[in-house]
Structures are given as C-alpha cells and as structure tokens.
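Participant: here is my input, please return the structure:
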Amino acid sequence: MRISRIYFGEKLASETTAILSADISHYLGKVLRLKSGDQIHLFNETDGEFLASVSNVKKSAVEVDIGSMVRAAEAATLQINLALGISRGDRMDYGIQKSSELGVSRITPLYTEYGEVRLKADRVENKLRHWSKIAVSASEQSGRLDIAEVTAPCGLEQWARDLPVGLNIMLEPSGSQQLSAELSSKLSLGLSPELSPELSPQLSPQLSPQLSPQQQNSQNSSVKNVNLIIGPEGGFSAKEIQWAEQAGFLITSLGKRILRTETAPVASLAIIQHLFGDM
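Facilitator: Just a heads-up that it's a prediction; the model follows:
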C-alpha cells in the first residue's frame with residue numbers, strides 16, 4: 001500500500017511529535033481512515049521528508065510521531081516562473097495542477113487583452129487559496145519537496161517587473177520557431193540561450209517593458225531560471241506579442257499542434273525540464 005505524503009509547513013525533526021491541522025486530520029482520519037500505528041510521510045522544502053507514525057486520532061486533530069528522515073532537503077536545479085492566462089472553469093485548476101507536478105516554482109494567473117476572465121477583488125483571495133491547495137496536493141502526489149507559489153493575478157508588464165535573470169519564452173502558435181528545436185539547436189552549438197543576440201534586442205521606448213538590462217543580458221553560462229508565458233484561449237494580441245519581442249522573449253510554438261491553454265503547460269514544461277532541468 002502506498003504511503004501518503006503530507007506537506008507540513010512547520011519544523012520537522014526526528015524523534016519529535018506533531019499535531020496536524022484540522023483539514024489534514026480530517027483527510028487522514030475520515031477519508032483515508034488511518035488509525036494508530038499507520039505510517040505517513042511528512043515533508044517540506046526546508047527540512048526534507050520524514051517517516052511518521054500515527055499515534056493518536058481525535059475528531060479534530062491527528063497526532064504523529066516523527067521518525068527517521070527518508071529524503072534530505074534539496075535545491076531545485078531549475079527555477080521556472082510561469083505566467084498562465086486565466087481560463088474558465090476547471091481548466092485553470094488543471095493547468096496549475098500539472099504545472100506544479102512538472103516542477104514550476106511560481107505560477108502567476110495572467111490577465112491578457114483577449115482573456116475573458118477578470119476576477120473581482122472579493123474573489124481573488126478565495127481563488128488564490130483554492131489554487132494554492134491544488135499546488136500543495138500536486139506536490140504531495142508528484143514527490144516534490146517544495147510547493148509552487150501561486151501569486152495574485154496581474155498583467156504582463158506587472159509580472160515582468162521582478163523576474164529573475166533567465167531564459168525568457170512566450171508560447172504563441174504563430175511563433176516561427178518551434179520550442180524544442182530552437183532550444184535544442186542552441187544547446188548543440190554550446191550557446192547559452194541568454195547570450196544569444198536575438199534574445200536581447202534594444203527595447204522600444206514606446207512599449208517600455210519592465211525588464212532590467214540584467215534580465216536581458218545575462219552573463220550566466222547555464223540556464224538556471226526560465227520565465228515562461230502561456231496565453232488564454234483567445235491567445236495574445238499583436239501588441240502583447242510585440243511587447244514580448246521587444247522585451248527579449250523568444251516567441252516559440254509547439255509545432256503544428258495548437259494545444260489548449262491547460263495542456264500547453266504540460267508539453268512546454270516537459271520540454272524545458274528535459275533540456276535544462278531534472279527530467
């Protein structure tokens with residue numbers, strides 16, 4: 001029987017006890033019907049992953065004894081910042097879930113010109129809480145130690161203001177360059193994508209993208225950060241594509257196939273992780 005993995009945001013250490021939150025306790029006690037003596041794994045990005053044994057099951061709380069470490073904390077080899085166009089219904093949930101499973105570090109729901117979804121101020125907090133729970137569940141399922149951060153929705157320029165130096169990519173069906181072929185060709189030539197001249201054009205004063213010179217002219221010899229933009233169902237406007245080009249984003253496609261906004265992250269992130277990450 002598979003041992004359940006549970007994210008625990010507090011300090012983890014061997015030979016200690018922990019009282020789990022009401023939500024987690026309900027899940028373990030009422031849904032999984034665990035009893036004293038059953039084992040689970042508790043993990044977080046700081047302390048690693050530990051074997052734990054259920055010692056007491058109450059209505060409102062489950063207490064566990066924390067045993068040996070089964071996996072040490074580890075730093076991600078690649079940081080991926082994803083701006084994902086907001087889609088309707090459970091499609092956004094799916095996109096966040098699969099992006100989290102594939103190792104994204106930060107997900108920002110993106111407002112675009114053609115996007116149909118605009119969250120009212122009073123709904124943002126509830127949505128963020130919902131999406132964050134999805135990210136936690138995805139890490140528990142996929143074996144990650146860390147949790148993808150889901151940030152408040154915003155537009156392109158606001159999202160770009162605090163991006164780390166890295167490889168900048170916009171996924172756009174009209175892009176003349178195919179994502180896998182373009183990135184593979186640069187690697188085969190021994191070029192760091194950040195150092196490629198076409199990735200760092202002069203900025204247009206009229207567009208004024210909020211990217212620093214360091215973001216456009218990284219001197220790093222290897223890709224440690226990827227900043228990826230994927231649009232909503234309606235795609236990007238000509239103005240948004242022009243903005244991305246002027247800001248130094250590589251405009252790429254997934255070839256002949258046009259994927260839905262919730263499945264495009266799966267394909268593109270798998271390619272990126274294969275080339276630069278841990279897949």
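Participant: distance between stretch 21-30 and the chain's centre?
Facilitator: Relative to the centre of its chain, stretch 21-30 is centred 26 Å away, using C-alpha atoms, centre = their mean, to the nearest Å.
Participant: ok, stretch 166-175 next?
Facilitator: For stretch 166-175, the distance to the chain centre is 16 Å (C-alpha atoms, centre = their mean).
Participant: could you do stretch 30-38 as well?
Facilitator: For stretch 30-38, the distance to the chain centre is 31 Å (C-alpha atoms, centre = their mean).
Participant: buried set for it?
Facilitator: Within stretch 30-38, the residues that count as buried by 16 or more other C-beta atoms under 10 Å are 34, 38. Heads up, the C-betas are built off the backbone N, CA and C, glycines and all.
Participant: can you give me the end-to-end distance of that stretch?
Facilitator: End-to-end span of stretch 30-38 (C-alpha to C-alpha, to the nearest Å): 14 Å.
Participant: what's in contact with it?
Facilitator: 4, 28, 40, 53-57, 62 (C-beta atoms under 8 Å, 6 or more residues apart in numbering).
Participant: just these now: which is nearest residue 273?
Facilitator: Taking C-beta to C-beta as the measure, residue 273 lies nearest residue 4 of the contacts of stretch 30-38, at 25.2 Å.
Participant: grab the nearest non-local neighbour of that closest one.
Facilitator: residue 40 (5.0 Å; C-beta to C-beta, 6 or more residues apart in numbering).
Participant: ok, now residue 78?
Facilitator: Closest to residue 78 by C-beta to C-beta, 6+ apart is residue 277, at 4.0 Å.
Participant: please apply the same query to residue 17.
Facilitator: In space, and not counting its chain neighbours, residue 17 is closest to residue 65: 5.6 Å by C-beta to C-beta, 6+ apart.
Participant: so what secondary structure elements neighbour the helix or strand encompassing the one you found?
Facilitator: Assigned by DSSP states H and E, residue 65 belongs to strand 62-71. For strand 62-71, the elements it packs on are strand 16-19, strand 39-44, strand 48-57, judged by 3 or more C-beta pairs under 8 Å, 6 or more residues apart in numbering; DSSP states H and E.
Participant: 6 Å instead?
Facilitator: strand 16-19, strand 48-57 (3 or more C-beta pairs under 6 Å, 6 or more residues apart in numbering; DSSP states H and E).
Participant: and residue 171, what does it touch?
Facilitator: 230, 264, 268 (C-beta atoms under 6 Å, 6 or more residues apart in numbering).
Participant: what of residue 21?
Facilitator: Contacts of residue 21 by C-beta under 6 Å, 6+ apart: none found.
Participant: run the angle between the strand holding residue 65 and strand 39-44 for me.
Facilitator: Interaxial angle, strand 62-71 versus strand 39-44 (axes from the mean of the first three to the mean of the last three C-alpha atoms, to 10 degrees): 70 degrees.
Participant: quick one: the contacts of stretch 30-38 as TSV, columns for neighbour count, distance to residue 273 and pLDDT too.
Facilitator: Putting the contacts of stretch 30-38 into TSV (neighbours: other C-beta atoms under 10 Å; distance: C-beta to C-beta, whole Å; pLDDT from 0 to 100) gives the following:
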residue	neighbour count	distance to residue 273	pLDDT
4	18	25	94
28	21	31	93
40	21	28	96
53	13	34	97
54	19	35	96
55	13	38	95
56	12	40	92
57	18	39	91
62	26	35	94
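Participant: and those residues, which two are furthest apart?
Facilitator: 4 and 56 (17.2 Å).
Participant: domain-wise, how is the chain divided?
Facilitator: 5-71, 79-276 (automatic domain parsing).
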